[in-house]
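**Student:** With the input below, show me the fold.
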Amino acid sequence: MKQKVVNLIEIGIQDIYGISLPDTECYIEIPSNIELGDFSLPCFTLAKMLKKSPKIIAEELCTHLKDNNNDSMISDVKAVNGYLNIFIDRIYFINQIIADVFNVSYGSSDIGSGKTICMDYSSPNIAKNFHVGHLRTTLIGNSFSKIYSKLGYKVVRINHLGDWGTQFGKLIVAYKKWSNKKMVEENGIEELLRIYIQFGHEAEKSPALNDEARDWFAKMENGDEEALSIWQWFKDISLIEYERVYTMLNIEFDSYVGESFYMDKVPALVSELKDKKLLVESQGANIISLDEYGMSPCLITKKDGSSIYHSRDIAAALYRKQTYNFEKCIYVTGMEQKLHFSQVFKAIELMGYEWANDLYHIPYGLVSMDGEKLSTRKGNIIYAEDILNEAVSRALNAIQEKNPDLKDKINTAKKIGIGAVIFHDLSNQLIRDVHFKWDDVLNFDGMTAPYIQYTYARSKSILRKSHIDNTDVDLTYLTDDISYELVKKLALYPDIVKDAAVKFEPCIIARYAYTLSNLFNKFYHECRILSADDQIRKSRIVLVNAVQKVISDSMSLLGIECPEEM
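**Tutor:** Below is the predicted model of the structure:
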């Protein structure tokens, strides 16, 4: 629909002025007031190009479109204060959009056909509990994966585990000094976290412990059998913990290749950097100088010859490009890693790889509870599994209070509770910090998952009572303002999905799902549905069916399930 309008406007501009307006679609607006039309073109950019009044341009385009309109789609065209307002024939619009919605792939696109996107997200550090801070990258990356898949891309979901580095030297030292095999076997990752925190405290008093940790990590890099055996044991324990959380979130990955996988690829990287005369020795370490780009050096190997985050991430990018030939490689991590990825991407660019421009770091803000930032080293942490279980418990209590006879209460509580946590995170711009408050998360009113899920359940209840299918229904009964406004909101969905992908913002979809639900509830309260006259009832039930389909699909792109009953 929108593309047809764009084509008509582009033809009009070409016919009158002999020029093209670049990216016309970007300028098309959808007025919030239906009295101003269904689509609108502000003529101010054209005015600058043509050195002409936008008011006159709008009037000239209006006259041209009226004189040359042979399309039954357009019912009227008006020029108002420099805006070209186009009105679509309501019956034409409704029939077209409702038919599109019931297409199995509504909202999908083939723009990603034949292209691959690598998504690097979650990536917890081995031997540490999966805390609420890890939850952000996991939820964001999962949503991106679903959005890009919807647009036709092949998405490779990579869990780049933090399974290498000096921290494992610290953990081995801590294990040998303050733990034993029995304690780890009995308490698992809780014991590993305990001794890691203890190392942090003890190292503040005895800095020599850090030297011991570096020695153990060097042993790992040199293939020491004991060091690697302990490391693998800690890794296996950690993966059991993480899989439990991923199962709760219904999240899967295509690759669990972590930092350790790239350890043996660093020597080849060092050799390539030397050949390209990019490597500089500094205080015994090897670096890439980035002074002229306003950045601190990119460290490749430490003075003891061991690898570092930068070198392993560069090696990973080279491997992924060779293995997957990605269109984009997207890294979802906290804002505090912005400099790190700027250094990595610049290093790859300096190596002569043009695809460095296809690497994207998507940063996000901090997570806090009661206003306090989470820190593993200091032990001030809240586990993701505890948050999810608490959300499910609270949702179950709400069900017991509001609808104690509901069937399958446990599964419904899981969908509501976990969905509430996901939506609370993804409904805000990524760069903003998330302040977690239960009263906000599990509110059944306002912009929350429970509100949207309840709207979906309401629509499904109507459909169960209606026993109507979508065939042989006269949709002309949906031309009233409220119904038409709802249809127009449905029409936006394909563009919403694309917009969320282009801007790297799942909140665009979250907010759309909320406004669609809000509009549906207005329709529900102001328009009789099941008690309306036969033809009106049938048409409104078709609209209800269309709305529930789009609500469900939009929420699924966030990783949220909607229960059939609440």
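**Student:** quick one, helices of the stretch 251-400 of the chain?
**Tutor:** 266-275, 309-324, 338-350, 384-402 (DSSP state H, counting those that start in this stretch).
**Student:** For the third one, give me every contacting residue.
**Tutor:** Where contact means Cβ atoms under 8 Å, 6 or more residues apart in numbering, the residues beyond helix 338-350 that reach it are 276, 278, 288, 290, 293, 295-298, 309-310, 313-314, 317-318, 331, 333, 355-357, 359, 361, 363. Every C-beta, even on glycine, is put in place using the N, C-alpha and C of the backbone.
**Student:** about what we covered before: any idea which of the helices of the stretch 251-400 of the chain gets closest to residue 502?
**Tutor:** Ranking the helices of the stretch 251-400 of the chain by proximity to residue 502 (Cβ to Cβ) places helix 338-350 first, at 19.5 Å.
**Student:** For the closest one, give the mean pLDDT please.
**Tutor:** Here helix 338-350 scores 97 as its mean pLDDT.
**Student:** helices or strands up against the one helix or strand residue 525 maps to?
**Tutor:** Taking DSSP states H and E as the criterion, residue 525 maps to helix 507-526. Packing partners of helix 507-526 (3 or more Cβ pairs under 8 Å, 6 or more residues apart in numbering; DSSP states H and E): helix 409-426, helix 449-466, helix 481-491, helix 493-502, helix 534-556.
**Student:** Domain-wise, how is the protein divided?
**Tutor:** Partitioning the chain according to automatic domain parsing yields domains covering residues 2-88, 116-275+305-373, 384-556.
**Student:** re the thing from before, what subset of the contacts of helix 338-350 is buried?
**Tutor:** Buried members of the contacts of helix 338-350, scored by 16 or more other Cβ atoms under 10 Å, are 278, 288, 290, 297-298, 309-310, 313-314, 317-318, 331, 333, 355-356, 359, 361, 363.
**Student:** pull the helix or strand with minimum mean pLDDT from this protein.
**Tutor:** strand 372-373 (a mean of 52; mean pLDDT, DSSP states H and E).
**Student:** how far does stretch 334-353 sit from the chain's center?
**Tutor:** 21 Å (Cα atoms, centre = their mean, to the nearest Å).
**Student:** okay, and for this protein, where does confidence drop off?
**Tutor:** For the chain, residues meeting the criterion pLDDT under 70 lie at 370-381, 470-471.
**Student:** Neighbours of residue 403, how many?
**Tutor:** Applying other Cβ atoms under 10 Å, we find 13 residues neighbouring residue 403.
**Student:** surely it meets residue 566?
**Tutor:** Yes: in this structure, residue 403 is within contact of residue 566 by Cβ atoms under 8 Å, at 6.8 Å.
**Student:** before we move on, back to that, let me have the helices and strands packed on helix 507-526 in CSV, extended by distance to residue 4 and mean neighbour count.
**Tutor:** Listed next are the helices and strands packed on helix 507-526 as CSV, based on distance: least, Cβ to Cβ, whole Å; neighbours: other Cβ atoms under 10 Å:
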stretch, distance to residue 4, mean neighbour count
helix 409-426, 32, 23
helix 449-466, 29, 20
helix 481-491, 12, 19
helix 493-502, 14, 19
helix 534-556, 20, 21
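**Student:** Pipe the ones you listed into CSV and attach distance to residue 38 per row.
**Tutor:** Shown next, in CSV, are those (distance: least, Cβ to Cβ, whole Å):
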stretch, distance to residue 38
helix 409-426, 29
helix 449-466, 25
helix 481-491, 7
helix 493-502, 14
helix 534-556, 17
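**Student:** Pull the contacting residues for the residue lying closest to residue 244 once chain neighbours are set aside.
**Tutor:** Closest residue to residue 244 apart from its sequence neighbours, by Cβ to Cβ, 6 or more residues apart in numbering: residue 385 at 6.7 Å. Residues in contact with residue 385 (Cβ under 8 Å, 6+ apart) are 130, 244, 245, 248.
**Student:** next one: residue 127
**Tutor:** 167, 168, 171, 189, 192, 193, 196, 234, 235, 237, 238.
**Student:** name the element it belongs to?
**Tutor:** Going by DSSP H and E, residue 127 is not in any helix or strand.
**Student:** what comes up buried for the longest helix along the chain?
**Tutor:** Ranked by residue count and defined by DSSP state H, the top helix of the chain is helix 225-249. Across helix 225-249, burial judged by 16+ other Cβ under 10 Å covers 227-228, 230-231, 233-235, 237-239, 241-242, 245-246, 248-249.
**Student:** outside of that helix, which residues touch it?
**Tutor:** Residues from elsewhere that reach helix 225-249 (Cβ under 8 Å, 6+ apart): 124, 126-130, 138-139, 142, 161, 163, 168, 171-172, 175, 184, 188-189, 192, 216, 219-220, 252-253, 256, 384-385, 388, 414, 418, 422, 559.
**Student:** and it with helix 409-426, angle?
**Tutor:** 110 degrees (axes from the mean of the first three to the mean of the last three Cα atoms, to 10 degrees).
**Student:** so residue 85 sits in a strand?
**Tutor:** Yes: secondary structure of residue 85 (DSSP: H, G, I helix; E, B strand; the rest coil): part of a strand.
**Student:** Skip the chain neighbours and tell me the closest residue to it.
**Tutor:** That would be residue 37: by Cβ to Cβ, 6+ apart, it lies 3.5 Å from residue 85.
**Student:** who touches the one you found in this structure?
**Tutor:** Contacts of residue 37 by Cβ under 8 Å, 6+ apart are 31, 76, 78, 85, 86, 87.
**Student:** make it 10 Å
**Tutor:** 29-31, 75-78, 80, 83-88 (Cβ atoms under 10 Å, 6 or more residues apart in numbering).
**Student:** got it, and residue 191?
**Tutor:** Per Cβ under 10 Å, 6+ apart, neighbours of residue 191: 127, 175, 178, 179, 180, 182, 183, 184, 185, 237.
**Student:** my read is residue 531 is in a helix, agree?
**Tutor:** No: going by three-state DSSP, the assignment for residue 531 is coil, not a helix.
**Student:** Cool, thanks, signing off.
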